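# predicted model, plus sequence, below.
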Amino acid sequence: MPTLALDGAGLTVGDRVVLAPTTLTLTERRIGVIGANGSGKSTLVRMLNGLVEPSAGRVVVDGFDVARQGAKVRRLVAFAFTDPAAQLVMPTCVEDVELSLRSLERHAGARRARAMDVLERFGLADHAHDSVHSLSGGQKQLLALAGVLAVEPAVLVADEPTTLLDLANTRQVADLLFRLEQQLVLVTHDLDLARRCERVLVVEDARIRYDGDPGAAVDDYVASVGA
Ligand SMILES: Nc1ncnc2c1ncn2[C@@H]1O[C@H](COP(=O)(O)OP(=O)(O)OP(=O)(O)O)[C@@H](O)[C@H]1O
């Protein structure tokens with residue numbers, strides 16, 4: 001698995017500490033990140049592909065410094081947002097996946113064939129020529145994931161990918177995420193999903209409050225909110 005390293009990485013904006021300097025090395029295949037709203041989870045994981053630049057320290061992915069070798073890192077680390085609408089920009093499903101593949105596959109015919117293969121793998125082949133707006137919430141999230149995974153990154157960072165989904169769609173998307181070969185960094189409020197990871201970070205007030213065994217991490221988080 002790739003090595004994701006934070007070396008004293010933190011973010012302070014004005015006098016607000018968004019993430020205190022954090023040192024971590026993540027090598028597990030399935031890493032969960034849990035914690036209260038506004039605790040700093042998104043900030044932490046956005047640093048892994050340069051979406052957020054630390055104001056202190058550095059982030060290194062498989063030996064590449066995110067600040068200096070951002071393009072290389074972004075080829076390794078894909079990012080999926082909570083709201084798939086943030087990522088779906090083309091009129092039809094197949095065109096959306098083709099857009100992701102444009103730098104990898106320059107020949108239009110080959111690009112279409114590859115996009116169709118990706119849609120097949122994600123169970124969306126029947127919707128290839130449908131408008132992205134006609135898809136259900138779960139299908140939209142699957143399509144957004146298909147787009148970011150089409151270029152075969154080594155790591156997927158997913159920031160609450162099931163938060164907007166109902167139970168059936170949550171199960172479908174979660175099953176897909178946990179079947180991936182890629183390393184997965186999953187921010188989630190779904191504690192059952194966190195328990196399926198190998199290592200879980202609990203973030204509280206801009207700091208890592210707990211780091212380790214998923215069951216113990218979930219217990220620690222639940223205890224911290226007095227539930
Ligand atoms: N660039 C910034 N400048 C100032 N404040 C920021 C900045 N980025 C984030 N924050 C604030 O820092 C806090 C942590 O934000 P972050 O998005 O990392 O939290 P989170 O744990 O992912 O929350 P949620 O579960 O609600 O998504 C929030 O209160 C947010 O408003």
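That came in fine, so what should we check first?

# close to the ligand: what parts of this structure are there?
13, 16, 18, 35, 37-43 (Cβ under 6 Å from any ligand atom). C-betas here are computed from N, CA, C, even on glycine.

# so which of the residues you listed is the most crowded?
Neighbour count (other Cβ atoms under 10 Å) singles out residue 35 as the most crowded of these, with 26 neighbours.

# which element is the closest residue to residue 221 other than its chain neighbours on?
Computed as Cβ to Cβ, 6 or more residues apart in numbering, the closest residue to residue 221 that is not its neighbour in sequence is residue 202, at 4.8 Å. Using DSSP states H and E, residue 202 maps to strand 199-204.

# check the offset of whichever helix or strand comes after that strand from the chain's centre.
On the C-terminal side of strand 199-204, the nearest following helix or strand under DSSP H and E is strand 207-212. In terms of Cα atoms, centre = their mean, to the nearest Å, the gap separating the centre of strand 207-212 from the centre of its chain is 19 Å.

# outside of the very next helix or strand once past strand 207-212 itself, list whatever touches it.
Using DSSP H and E, the next helix or strand after strand 207-212 towards the C-terminus is helix 214-224. Contacts of helix 214-224 with the rest of the structure, by Cβ atoms under 8 Å, 6 or more residues apart in numbering, involve 32, 34-35, 191, 194-202, 204, 209-211.

# so where's the protein uncertain?
Where the chain drops to pLDDT under 70, the residues are 227.

# hmm, back to that, could you redo the residues of the chain next to the ligand as JSON lines and give each row secondary structure and distance to residue 25?
As requested, these are exported to JSON lines (DSSP: H, G, I helix; E, B strand; the rest coil; distance: Cβ to Cβ, whole Å):
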{"residue": "13", "secondary structure": "strand", "distance to residue 25": "26"}
{"residue": "16", "secondary structure": "strand", "distance to residue 25": "27"}
{"residue": "18", "secondary structure": "strand", "distance to residue 25": "21"}
{"residue": "35", "secondary structure": "strand", "distance to residue 25": "20"}
{"residue": "37", "secondary structure": "coil", "distance to residue 25": "27"}
{"residue": "38", "secondary structure": "coil", "distance to residue 25": "26"}
{"residue": "39", "secondary structure": "coil", "distance to residue 25": "21"}
{"residue": "40", "secondary structure": "coil", "distance to residue 25": "18"}
{"residue": "41", "secondary structure": "helix", "distance to residue 25": "18"}
{"residue": "42", "secondary structure": "helix", "distance to residue 25": "20"}
{"residue": "43", "secondary structure": "helix", "distance to residue 25": "18"}
